[in-house]
Every structure is written in C-alpha cells, then in structure tokens.
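Participant: Have a look at this prediction, sequence included:
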Amino acid sequence: MNKPTVHCRDCEGLQLYCQSCIVTLHTPMPLHNIEVWTERYFQLISLRDLSLCIQLGHPPGIQCCNPVPAFDNDFTVLDVNRVHSVALLFCNCATAQRHMIQLLHACHGN
C-alpha cells in the first residue's frame, strides 16, 4: 500500500505524500530534506532511499536510454543543509558530453 507517510521539510506546507509521489515531485529538487512517519515520529530519509535517481545529461524527469551508473551508483553531494548520498546516472548516448561536463552542468542548472 502506498500511504501518505512522507513530507518535505524544505517545501512549503505540511502535506503528506506517498513515497512514489514525493520522488516524482522532487526529481528537479533532489537535495531537499525528506522525512517519513514511523508511527511515532518523523525520521529523516534520503530521496535515494526512496528510489530517486538523478539522471544527468537530460532535462529533469527524462530518462536516458543508455545510462551509466556513477561511481558504483554511490555519489556524495555537499549542500548547505547537509551531506547527501545520491544515486547518479550519467548519460551515455552517442552525443553525450564527458562525465565531468555533465556534473558541471548539473551544478549550474543547465
């Protein structure tokens, strides 16, 4: 069952979402702080643990037809609010840019 048990501390409002909806909503904002209700309290959980995977080389929400996992599918991002462990995929299409360039574009929102 996909009950509404998660919320975002960084988004406005206190609305609860199911796990798949919070992942879909946060594809363009993968570094937000998400909490899940444990039946007693809200506990911090990563979007990675909820199955969010960041696809580089394509617009947010668009999956590559030839993705390559980055660094054994474990990548660390330092953000102002905390350190995030994220699942990261590089684009490996025939016209893909080098991995370093894909990372730089992700940092600048291009």
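Facilitator: Happy to help now that I have it. Residues are numbered from 1 along each chain as shown.
Participant: who does the helix ranked longest in the chain touch, helix- and strand-wise?
Facilitator: Longest helix in the chain, counting residues (DSSP state H): helix 99-108. Here helix 99-108 touches strand 83-91, going by 3 or more CB pairs under 8 Å, 6 or more residues apart in numbering; DSSP states H and E. Bear in mind the C-beta positions are built from the backbone N, C-alpha and C, glycine included.
Participant: buried set for the strand it packs on?
Facilitator: Neighbour counts over strand 83-91 (16 or more other CB atoms under 10 Å) mark His84, Val86, Ala87, Leu88, Leu89, Phe90, Cys91 as buried.
Participant: So what pairs up with the fourth one in the strands?
Facilitator: Per DSSP bridges, the residues bridged to Leu88 are Ile54.
Participant: from memory it sits against Phe75, does it?
Facilitator: Yes - with contacts defined as CB atoms under 8 Å, Leu88 counts as touching Phe75 at a distance of 4.1 Å.
Participant: Give me the residue at the spatial middle of this protein.
Facilitator: The centroid of the chain falls nearest to Pro30 when counting by CA atoms, centre = their mean (3.4 Å).
Participant: rewinding a little: farthest-apart pair in the buried residues of strand 83-91, please.
Facilitator: The most widely separated members of the buried residues of strand 83-91 are His84 and Cys91, with 20.7 Å between them, by CB to CB.
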